[in-house]
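Q: give me a model of this one.
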Amino acid sequence: MKKILFAFSIILSFSAVAQEEKKVVQFSGFVMTSDSLQGVPYTHITIRNRGRVATAGADGFFSFAAQEGDTLYFTCIGFKPSVYILPQTLEKDKYSVIQLMSRTEYYLKGTIIYPWGDKDGFKRAFRDLKLPKDDLQRAEENMDPQMLAALAQQLQPSGGEASSRALRTSAYQKSYWGQSPPNNLLNPFAWYDLYKSIKRGDLKIKSKSDLPPLKDY
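A: Numbering: from 1, shown residues only. Okay, the predicted model is just below:
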């Protein structure tokens, strides 16, 4: 039993010595994209068997101390992880590599953001929803007789209408140039027309309140 324990301790001592005898090298290089050979900035490089972590620079360059046989794990957001294993025996104390990394895409589940805070807000929005009018509805409202009558009462005469009315008035006055125009106070036909207008209600005063209200668009 003592011999077995002695042999086992010798083996452990030899393995410890072997581990201590691993050469430390300056491990450096560039992390680059595999498609365009551009530097991958701020790539994390983890020594798996020893738990140490290094970070590449903005241009993808890295340099740190490592040992023979170390397993190096390269990770960066947007790229697939890659692994590089240092050789077990190195002749020099410096070792350089160019580590290529492939791009990857992460697909996240679709998220729909609604403007309502809760279900009651959705109910209120649905209840108060006003759909926009289509072309047919707008055309029918624009051709509404009551709407056209209200607009005709409120619109002022245009420049052409005003000038035409002024020319007609001037021509009528000039037709009686040098004489007095006829006085309808003594015209029985004019009195008869006035009587018929009163019977029909043509002379009733119409205020703006009698007109239909204008619609807002």
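Q: look up the pLDDT of Arg200 for me, please.
A: Note for Arg200: predicted pLDDT of 83.
Q: now it: how far from Ala56?
A: Noted for Arg200: a distance of 99 Å to Ala56, by C-beta to C-beta, to the nearest Å. The way it works is simple: take the backbone N, C-alpha and C, and place the C-beta from them, glycine included.
Q: those two: which is more packed in?
A: Neighbour count, other C-beta atoms under 10 Å: between Arg200 and Ala56, Ala56 has more, with 23 against 9.
Q: so the more buried one makes contact with Met32?
A: No - with contact defined as C-beta atoms under 8 Å, Ala56 does not reach Met32; the gap is 10.2 Å.
Q: any common contacting residues for these two?
A: 39-40 (C-beta atoms under 8 Å, 6 or more residues apart in numbering).
Q: buried residues in the longest strand along the chain?
A: If each strand of the chain is counted by residues according to DSSP state E, the longest one is strand 24-33. Buried residues in strand 24-33, defined by neighbour count with 16 or more other C-beta atoms under 10 Å: 25, 27, 29-33.
Q: what do you get for stretch 57-77?
A: Counting neighbours by 16+ other C-beta under 10 Å, stretch 57-77 gives 60, 62, 66-67, 70, 72, 74, 76 as buried.
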